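[1] got a sequence here, can you model it:
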Amino acid sequence: MKNPSQYKDLSAFEAKFEAQKIAFAPITFQCARVLRTTGILKEVADAGSEGIAVDPISDKTGISHYGVKVLLDMAASMKMVRQEGDKFILLNIGHFMLNDKMTEVNLNFTHDVCFKGLYHMEEAIREMKPAGLKEFGDWPNVYEGLAELPEQFRESWFAFDHFYSDGSFPILLENVFTDKPKKIYDAGGNTGKWAVMCTKHDPEVEVTILDLPGQLRDAMKNAEKNKVQDRIKGFEINMLDDSQKFPENPEVIWMSQFLDCFSEDEILSILKRAAATMGPDARLYILETYWDRQRFEAASYSLNATSLYFTVMANGNSRMYHSKDLIKLVHQAGLIIEKDIDDIGMGGHTLFKCRLA
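    Got it, this is the predicted structure:
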């Protein structure tokens, strides 16, 4: 598969312009966000090809003439809109900023979860700790604080997490239930969304969610809401504690967008503890998005940006991995990959189906 990191260099003229975009990126980001939240961009879109002047936008949105103009002038430089005479017309970038769900999810995640903390990136890099998380509270990592973090943070965090996984669930259910498991261990189950889908896919399966206490509370509420609490259980575990073992005798261990939350040493510890409980018929499923296995440059770009969220906000030492790095750790844990499936769902997920070596 093509490695999206192999790009040709730009001319000096092009490179200097791109450098200015980077230099002003926080400003242009907030400009784009405010254009959405104030309704200015929607007014331009609704005007269609004829365009719309500043004063009518100001009247409809309640934003001053000055405010509308300074935002739209920047939007023109960002190629979100085009100005013709005294009117502004929406361009494709503006269309996607306004209507594309992926862009909306990424933008809200960056603003609500990451933006304040990114000021502390150098500290996070040097200390290998989530230095930006202190903008919201005093937790060692985002997972231990997730149940207590502000609602807007949680809403955008979960929307980001679910957006890239939900579209792949139907395909994944077919793969996991090929062997007709009766018991599934869901490592890092968060809100219990996958567990609930499993119980609805198979009326006999039981799912045990392995997670921290706060996440288990949310998951069990979700199970009760869906009336499947009799088939979903919680198993309290801190994956960062090497002494805490996985429950015994699994048929299936499920890890979805889970291992990217840990450093390589931590992943190896988790995989070894999982393997220690597995018999010859047990299977471990690992679902991840690897930046080297993406078909599109935009996907690889987004994943590498997400790695820096892990650095600054999540835990200071994990990332979106290269697939070869995870494969190496799987082998070191005494497992082999018997099935390797790429391009699952919108997020470009890869599924590893593993067994004991």
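[2] output the below-cut-off pLDDT ranges for this protein.
    Residue ranges of the chain with pLDDT under 70: 1-7.
[3] let's see that with 80 instead.
    Counting by pLDDT under 80, the chain shows low-confidence ranges at 1-7, 164-168, 346-347.
[4] any idea how far Leu91 is from the residue of the chain positioned farthest from its centre?
    Largest separation from the mean C-alpha position in the chain: Gly85, at 41.3 Å (CA atoms, centre = their mean). Look at Gly85 and Leu91: by CB to CB, to the nearest Å, they are 16 Å apart. Where you see a C-beta, it was placed from the backbone N, CA and C, and this is true even at glycine.
[5] how about the strands in the stretch 251-357 of the chain?
    252-256, 283-288, 335-344, 349-356 (DSSP state E, counting those that start in this stretch).
[6] dump the ones you listed into CSV; add distance to His201 and mean neighbour count as well.
    Below are the strands of the stretch 251-357 of the chain laid out as CSV (distance: least, CB to CB, whole Å; neighbours: other CB atoms under 10 Å):
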stretch, distance to His201, mean neighbour count
strand 252-256, 13, 24
strand 283-288, 14, 23
strand 335-344, 16, 15
strand 349-356, 16, 20
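[7] so which of the ones you listed is nearest Leu326?
    For the strands of the stretch 251-357 of the chain, the distance to Leu326 is smallest for strand 283-288, at 6.5 Å, taking CB to CB.
[8] among the strands of the stretch 251-357 of the chain, which is nearest Pro170?
    Across these, Pro170 has its closest neighbour in strand 335-344 (10.0 Å, CB to CB).
[9] run me through the strand neighbours of the closest one, direction for each.
    If you go by DSSP bridges, strand 335-344 pairs up with strand 349-356 (antiparallel).
[10] could you check the angle the partner strand makes with strand 283-288?
    Orientation of strand 349-356 against strand 283-288 (axes from the mean of the first three to the mean of the last three CA atoms, to 10 degrees) gives an angle of 150 degrees.
[11] surely Ile40 and Leu71 touch.
    Yes: Ile40 is within contact range of Leu71, at 6.1 Å (criterion: CB atoms under 8 Å).
[12] now do the shared contacts for those two.
    Val34, Ile63 (CB atoms under 8 Å, 6 or more residues apart in numbering).
[13] how close does Lys328 get to Thr306?
    21 Å.
[14] hmm, I was thinking of Gly345
    Using CB to CB, we find Gly345 at a distance of 16 Å from Thr306.
[15] strands of this protein, residue ranges please.
    Ranges of strands within the chain are 52-53, 81-84, 87-90, 183-187, 206-211, 232-236, 252-256, 283-288, 335-344, 349-356, based on DSSP state E.
[16] just give me how far the last one sits from the chain centre.
    In this case it means strand 349-356. The chain centre lies 20 Å from the centre of strand 349-356; the measure is CA atoms, centre = their mean, to the nearest Å.
[17] can you dump the C-alpha atoms of it in PDB for me?
    The C-alpha coordinates for strand 349-356 follow below in PDB (Å, rounded to 0.1, in the frame of the first residue of the first chain):
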ATOM      1  CA  HIS A 349      -9.600   0.800  10.100                       C
ATOM      2  CA  THR A 350      -7.500  -2.300  10.100                       C
ATOM      3  CA  LEU A 351      -8.600  -5.500  11.900                       C
ATOM      4  CA  PHE A 352      -6.100  -8.000  13.200                       C
ATOM      5  CA  LYS A 353      -7.500 -11.400  14.300                       C
ATOM      6  CA  CYS A 354      -4.800 -12.900  16.600                       C
ATOM      7  CA  ARG A 355      -4.300 -16.300  18.200                       C
ATOM      8  CA  LEU A 356      -1.500 -17.800  20.300                       C
END
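[18] what angle sits between it and strand 252-256?
    Orientation check (the same axes, to 10 degrees): strand 349-356 against strand 252-256 gives 150 degrees.
[19] for the protein, which helix is longest?
    Longest helix of the chain, by residue count under DSSP state H: helix 151-166.
[20] okay, and the beta partners of the nearest residue to Lys339 once chain neighbours are set aside?
    Nearest non-adjacent residue to Lys339, counting by CB to CB, 6 or more residues apart in numbering: Lys353, 3.8 Å away. According to DSSP bridges, the partner residues bridging Lys353 are Tyr285, Lys339.
[21] I'd like the distance between Lys353 and Leu284.
    Taking CB to CB, one finds Lys353 at 8 Å from Leu284.
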